[in-house]
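K.L.:
Let's see this in three dimensions:
(chains A and B)
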Amino acid sequence: MKITYPHMGNAHIAINAMLENLKLEVIPPPPISKKTFELGVKHCPEFACMPLKINLGNFIEALELGADTILMAGGWGPCRFGYYAQVERDILEDLGFDFEMVILEAPDSRVSELFQQLQALGKNVSIWEAFKALKFAWYKLQMVEKLEKKFAYIHPRAADKNRAEDIYDQGLLEIERAQDKSDVDEAGSKNLERLDNIVITGEEPIRIGLVGEIYTVLEPMANYSIARCLGRLNVEVDNSIYISDWLNDHLLGSLAKKSHRKHLVKCARPYLNYSVGGHGLETVGSTVDYARKKFDGVIQVGPLTCMPEIVAQSVLSSVSKDEGIPCMTLYFDEHAGTAGIQTRMEAFTDMLKRKKTLTALTH
Amino acid sequence: MKKIGMPRGLFYYYYYPLYKTFFSDLGARVILSQKTNRITIDQGIDAAVDETCFPIKVYFGHVKELCQHDLDYLFVPRLVSIEPRSYICPKFMGVPDMLRASIDNLPPLIDITVDLSHSDRAFKDQLFKTGKLFTKKSSRIKASYEHGKQELAYCQAIAAQGYTMSEAIDIWQGEDIDQQLNGSLRIGVLGHGYSLYDEAISMNIISRLRQMGCTVVLPEALSIDEVEQEAAVMPKRIFWTLGRKMVGSALKMEKMADVDGIIYVACFGCGPDSFIGEIIERKVSDKAYMLIVIDEHTGEGGLVTRLEAFCDMLKRRRRHKIEDHISAYG
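P.N.:
From the prediction side, this is the model:
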């Protein structure tokens, strides 16, 4: 069995670690490229949302490399993601690929079910080994996120942005290669320290919260690397969501760490009073949260035609007015040009900077 | 007499008789917005964010129209689910919040949550609580609800005879609608009721087909059990109520010998439809199938041409089929 999975941000580092410890042969899909997009767009329904297209591109590329099993997550709506795996399977079968699809359906609250699914997936592994595999993956994920957060802090402040980016990329690579906990610790602490030692300009950057649909927030290829782009404009970007949060809330039943979700749900009232699937409610809640934490602005991202984000976007106008936080919505599909995005971000950050200086002056 | 406004959009086409009867019986006057027209559409496009789908924009237009009346309440339920373990669409779940954020000077909203995914207890509780706005007598509220359910069933029975839900509602209200139901071609037309039966949204697709001499077969005319049975062939249960109904109806129509072809009317930007249209296309292999995607600025000419071409093709197909049965050797 040669197993593959879809990309999402840096999730592959943790997924790889888990699958390898389940004693499986893993064929990771090649990094998302223009070709991935092209394959996905060619074979997916025209109006499907973009993550489906990237997923499918990943699968085709991995299957061409010899993978024969696909690991995918499921769900029960109302967001389209819950039906991704079914549509992808139909398309791939029609294309003539021979493969098996393993769909991890999110258990409603029982973590044991997840273990069983994982154990069934692994080759002759005991429950204990499955648990250990999951735990190691979780450990790696946390180190990755520590590095991500440190990078988000340093990058806008760094005098030499290229160097910060290089250290970050190198750090991710080293964590990915780490075979055990001490390796992970070493790779992590070394690169965190290197980031800390970067020369910093004295200027305090403006802060923007990045909210929206999880895939578009986390996958730089799906959002034209806006976090990095903003960092280069001296803007500190705070991600509203990390993979570990999502896993914790939806798969692990909030066992791994304290959930932040309740707080966000509370924040979302009275603007949005109902969970609308996907991350609609979290988007609104996070925006309110950022406004109250005195961030300078919020950028909402999502794939074009994303239903929950459209609901959130409709509501954000009144959040922006009442809470006094500038918001911008960017939808991405396979056609977006980087120049247009770059210009809009520059205009938005210029506006925020101006606003900040003006308020500072009037005080 | 208290006045309650109801927008003629979204689930109007599935549930109007229920709510109309319920509120009328309680002594309220129900004010329905006009049939969708250019002004409705323009106002809706103004009020809603660009990325929403056309039916939601139209709904916003209806709400704006109703805002001009001096209403006591505006009835805009939050539709979550109308059957166990299924949803309608995330946008429907956020409609009252979206309206509040987008339209100023709204009358007080009655935004009860319709969530029947576990049981109808919570929904009934909310509806009965709403009834308390109009009368104190619980028995009267209960009777109104039961009466409403009867009227809805009656209206659905009318639709089952081959009328669209919008025609069925008109007939239910006492209008006389005459139509011939025996055209030469039989075409199955599928789509979400709120876009298909709204003549402005679907650009009259059903009457156009009838004028071209087709009999239109609609999902409401099929038996629910058979539709569900057909939809059950999907490896994973489709969790959108309307989507599942459409897939089941398409598969059922494929098996009906007297149906010549199937047309699916989808809205641009509709999330579930982007998948459902694809699923049907893959599953329906024995019948001609056409997917029409509509939005707020479609030229009618293009639609008419496609319908004509589709009908011509079906007619030719049928002719060839008949000739095929005659042995070439006498």
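K.L.:
Can you tell me the closest non-neighbouring residue to B:Gln156?
P.N.:
Spatial nearest neighbour of B:Gln156, excluding adjacent residues (CB to CB, 6 or more residues apart in numbering or on different chains): B:Glu220 at 6.9 Å. Where you see a C-beta, it was placed from the backbone N, CA and C, and this is true even at glycine.
K.L.:
What count of nearby residues applies to the one you found?
P.N.:
23 (other CB atoms under 10 Å in any protein chain shown).
K.L.:
I'd assumed B:Gln161 was in contact with it.
P.N.:
No: applying CB atoms under 8 Å, one finds B:Glu220 not in contact with B:Gln161, separated by 9.3 Å.
K.L.:
residues from the stretch 251-363 of chain A in reach of chain B?
P.N.:
Proximity of the stretch 251-363 of chain A to chain B, by CB under 8 Å from any CB of the partner chain, involves residues A:271-278, A:280, A:304-308, A:310-311, A:313-319, A:331.
K.L.:
Now go through those and say which are in strands.
P.N.:
Among these, the members falling in strands (DSSP state E) are A:Tyr331.
K.L.:
So how do I select the buried members of the residues of the stretch 251-363 of chain A next to chain B in PyMOL?
P.N.:
To isolate the buried members of those in PyMOL, using 16 or more other CB atoms under 10 Å in any protein chain shown:
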select buried, chain A and resi 271+272+273+274+275+276+277+278+280+304+305+306+307+308+310+311+313+314+315+316+317+318+319+331
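K.L.:
which SS state does B:Ile262 fall under?
P.N.:
The assignment at B:Ile262 comes out as strand when based on DSSP: H, G, I helix; E, B strand; the rest coil.
K.L.:
Could you give the number of residues near B:Gly27?
P.N.:
Neighbours of B:Gly27 (other CB under 10 Å): 12.
K.L.:
my bad, B:Glu199
P.N.:
16.
K.L.:
Double-check that B:Leu190 belongs to a helix.
P.N.:
No: according to three-state DSSP, the state of B:Leu190 is strand, so it is not within a helix.
K.L.:
now it: how far from A:Ala159?
P.N.:
61 Å (CB to CB, to the nearest Å).
K.L.:
A:Leu316 too?
P.N.:
A:Leu316 is 35 Å from A:Ala159, by CB to CB.
K.L.:
Give me the contacts around the helix or strand encompassing A:Ile15.
P.N.:
A:Ile15 belongs to helix A:11-21 when assigned by DSSP states H and E. Defining contact as CB atoms under 8 Å, 6 or more residues apart in numbering or on different chains, one finds that helix A:11-21 is touched by A:3, A:5, A:26, A:28, A:71, A:118, A:129, A:132-134, A:136-138, A:140-141, A:144, A:172, A:175-176, A:218, A:243.
K.L.:
which of these count as buried?
P.N.:
Buried among these by 16+ other CB under 10 Å: A:3, A:5, A:26, A:28, A:71, A:118, A:129, A:133-134, A:136-138, A:140-141, A:144, A:172, A:175-176, A:218, A:243.
K.L.:
just the residues you listed that are near chain B?
P.N.:
Applying CB under 8 Å from any CB to these, none is adjacent to chain B.
K.L.:
quick one: the helices in chain B?
P.N.:
B:12-25, B:38-47, B:54-67, B:90-102, B:121-131, B:138-159, B:165-172, B:193-196, B:205-211, B:224-231, B:241-255, B:271-283, B:300-324 (DSSP state H).
K.L.:
and the stretch 51-200 of chain A, which residues reach chain B?
P.N.:
So the stretch 51-200 of chain A meets chain B at A:74, A:76-80, A:82-83, A:85-87, A:89-90, A:94 (CB under 8 Å from any CB).
K.L.:
Filter these down to the ones in helices?
P.N.:
Among these, the residues falling in helices (DSSP H) are A:Ala85, A:Gln86, A:Val87, A:Arg89, A:Asp90, A:Asp94.
K.L.:
which of these tops the neighbour count?
P.N.:
A:Ala85 leads those on contacts (other CB under 10 Å) with 24 neighbours.
K.L.:
Show me the one of the helices of chain B that comes nearest B:Pro84.
P.N.:
helix B:241-255 (10.1 Å; CB to CB).
K.L.:
Could you give the separation of the closest one from the chain centroid?
P.N.:
14 Å (CA atoms, centre = their mean, to the nearest Å).
K.L.:
repeat for stretch A:80-99
P.N.:
The answer for stretch A:80-99 is 22 Å, by CA atoms, centre = their mean.
K.L.:
can you tell me the distance between the two ends of that stretch?
P.N.:
Terminal residues of stretch A:80-99 lie 23 Å apart, using CA to CA, to the nearest Å.
K.L.:
buried stuff in it?
P.N.:
A:80-92, A:97, A:99.
K.L.:
Check stretch B:253-263 too.
P.N.:
Buried residues in stretch B:253-263 (16+ other CB under 10 Å): B:Met253, B:Glu254, B:Val259, B:Asp260, B:Gly261, B:Ile262, B:Ile263.
K.L.:
Compute the distance between A:Lys258 and A:Asp166, please.
P.N.:
Distance, A:Lys258 to A:Asp166, using CB to CB: 34 Å.
K.L.:
higher neighbour count, these two?
P.N.:
Using other CB under 10 Å, the more surrounded residue of A:Lys258 and A:Asp166 is A:Asp166, with 12 against 8.
K.L.:
Residues in contact with the one helix or strand that one maps to: which ones?
P.N.:
Here A:Asp166 sits within helix A:161-177, counting by DSSP H and E. Contact partners of helix A:161-177, identified using CB under 8 Å, 6+ apart, comprise A:10, A:12-13, A:16, A:140, A:143-144, A:147, A:151, A:154-155, A:158, A:183-184, A:187-188, A:190-192, A:194-195, A:198, A:228, A:231-232.
K.L.:
repeat that for 7 Å
P.N.:
A:10, A:13, A:16, A:140, A:143-144, A:147, A:151, A:154-155, A:158, A:184, A:187-188, A:191, A:194-195, A:198, A:231-232 (CB atoms under 7 Å, 6 or more residues apart in numbering or on different chains).
K.L.:
At the contact with chain A, which residues of the stretch 1-150 of chain B appear?
P.N.:
Neighbours of chain A within the stretch 1-150 of chain B, by CB under 7 Å from any CB of the partner chain: B:49, B:51-52, B:78, B:87, B:89-91, B:93-94, B:97-98, B:101-102.
K.L.:
of these, buried ones?
P.N.:
Buried members of the residues of the stretch 1-150 of chain B next to chain A, scored by 16+ other CB under 10 Å, are B:49, B:51-52, B:78, B:87, B:89-91, B:93-94, B:97-98, B:101-102.
K.L.:
what's the offset of stretch A:241-249 from the middle of its chain?
P.N.:
Using CA atoms, centre = their mean, the offset of stretch A:241-249 from its chain centre is 9 Å.
K.L.:
Which residues does that stretch contact?
P.N.:
With CB under 7 Å, 6+ apart, stretch A:241-249 has contacts from A:9, A:11, A:141-142, A:145, A:214, A:217-218, A:254, A:256-257, A:259-261, A:279, A:282.
K.L.:
among those residues, which one has the lowest pLDDT?
P.N.:
Minimum pLDDT for these is recorded at A:Ser254 (67).
K.L.:
what kind of secondary structure is A:Gly209 in?
P.N.:
Applying three-state DSSP: A:Gly209 is strand.
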